[in-house]
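J.: Could you look at this predicted model? Sequence included:
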Amino acid sequence: MTTSIIHLRWLCSVLPALVNAFSSSAPVVLPEVHPAHVTKINQLVEAALGDEGDANDNRYVFAQDAVTSFQANDESPPSNELVYGELSVQVLATILDAVGVQENDVFLDIGSGDGALVLGASLLYADANDEAIEGGNAMKKCYGVDIVPGLVERSLSHADNLYQILQNKENFLQRNQAEIELLLGDIHQPDAQLQNILKETTIAVCFATTWSAENSVGTSLQGRKLPKLSKALSRGLSSGCRVVIIDGKLDEGDEFLWMGDLRIQCPDTAPYSIATLYHKQ
């Protein structure tokens, strides 16, 4: 879905605070991704998703249909806890720049849906120089997890599409694309594989429209507390992980240090959404 930034305001000085939190030997934060590169990666991801012309709207309907089909299963979460929402590659680039990407970061999209953010994250920091050596990417690996089988199947198909596009047109980017893994899983009840991924993750992003009812506290979209998700992430993530929750709040009592808020625009949550950055202590 097309998404744009309407306002950027950190309520505290995020990157200096992170540096102070770690010590003078803190890892070097990479510079902002060039806008032209962000545009190029967004176009590649849109092509992999099949978002040409009106196809974008059709894909969104198909994604929602996958959620509806899953909800027909008696064992699935209540329908009012599953709401499909999506961010753009441009918004992801802004969020990652605010977080501060470092060499060998491991990215995780919680509720990865059609896989757009995972695909985008795998390429945003890839060296785009046609003379680049293999391995030129700050992102070591990019994971996506979703509880809806139909969405995982779709995301795997989109990842295959991107592979073919890169192989045919952008071979130098393909050499430096971060490894991608998209899997079926429940973040609240992670199996051994997902537990290992959580421990490995250094940047986790979650668009929290999914937890719209019983897993949240509070009526304001931007101010909703997510106690169940907070405890699950506290148990699973390693110390030092940077966590971004869009339209939800984690519990600082679960060892999450609030670092700042970022206002973004998304059609699914008009007029705007709030991305909140935490540091796992």
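T.: Yes, it's here.
J.: Let me see the ranges of the helices in the stretch 101-250 of the chain.
T.: Along the stretch 101-250 of the chain, counting by DSSP state H, counting those that start in this stretch, helices occupy 116-124, 149-169, 171-176, 192-200, 227-236.
J.: any idea which of those is most buried?
T.: helix 116-124 (a mean of 28; mean count of other C-beta atoms under 10 Å). For every residue, glycine as well, the C-beta is placed using N, CA and C.
J.: Residues contacting stretch 29-48, please?
T.: By C-beta atoms under 8 Å, 6 or more residues apart in numbering, the surrounding residues in contact with stretch 29-48 are 15, 52, 56, 88-90, 93, 96-97, 100-103, 116, 119-120, 123-125, 128, 138, 158-159, 161-162, 165-166, 170, 173.
J.: returning to that earlier point: of all the helices of the stretch 101-250 of the chain, which one comes closest to Ala66?
T.: Nearest to Ala66 among the helices of the stretch 101-250 of the chain is helix 149-169; the distance by C-beta to C-beta comes to 3.0 Å.
J.: same for that closest one, what does it pack against?
T.: helix 35-49, helix 55-71, helix 116-124, strand 139-146, helix 171-176, strand 179-184 (3 or more C-beta pairs under 8 Å, 6 or more residues apart in numbering; DSSP states H and E).
J.: repeat that for 6 Å
T.: Counting contacts by 3 or more C-beta pairs under 6 Å, 6 or more residues apart in numbering; DSSP states H and E, helix 149-169 packs against helix 35-49, helix 55-71, helix 171-176, strand 179-184.
J.: Name the surrounding residues that touch that helix.
T.: Outside helix 149-169, the residues that touch it by C-beta atoms under 6 Å, 6 or more residues apart in numbering are 47-49, 66, 69, 113-115, 119, 146, 173-174, 180, 182, 184.
J.: Gly136: neighbouring residues, count only.
T.: Applying other C-beta atoms under 10 Å, we find 15 residues neighbouring Gly136.
J.: Could you verify my assumption that it touches Tyr125?
T.: No: taking contacts as C-beta atoms under 6 Å, Gly136 lies outside contact range of Tyr125: 8.9 Å.
J.: Now do the buried residues in stretch 254-272.
T.: 254-256, 259-266, 268-269 (16 or more other C-beta atoms under 10 Å).
J.: Report the contact partners of Leu96.
T.: With contacts taken as C-beta under 6 Å, 6+ apart, Leu96 has no neighbouring residues.
J.: Let's see the distance spanning stretch 107-126 from one end to the other.
T.: Criterion C-alpha to C-alpha, to the nearest Å; first-to-last residue distance in stretch 107-126 is 14 Å.
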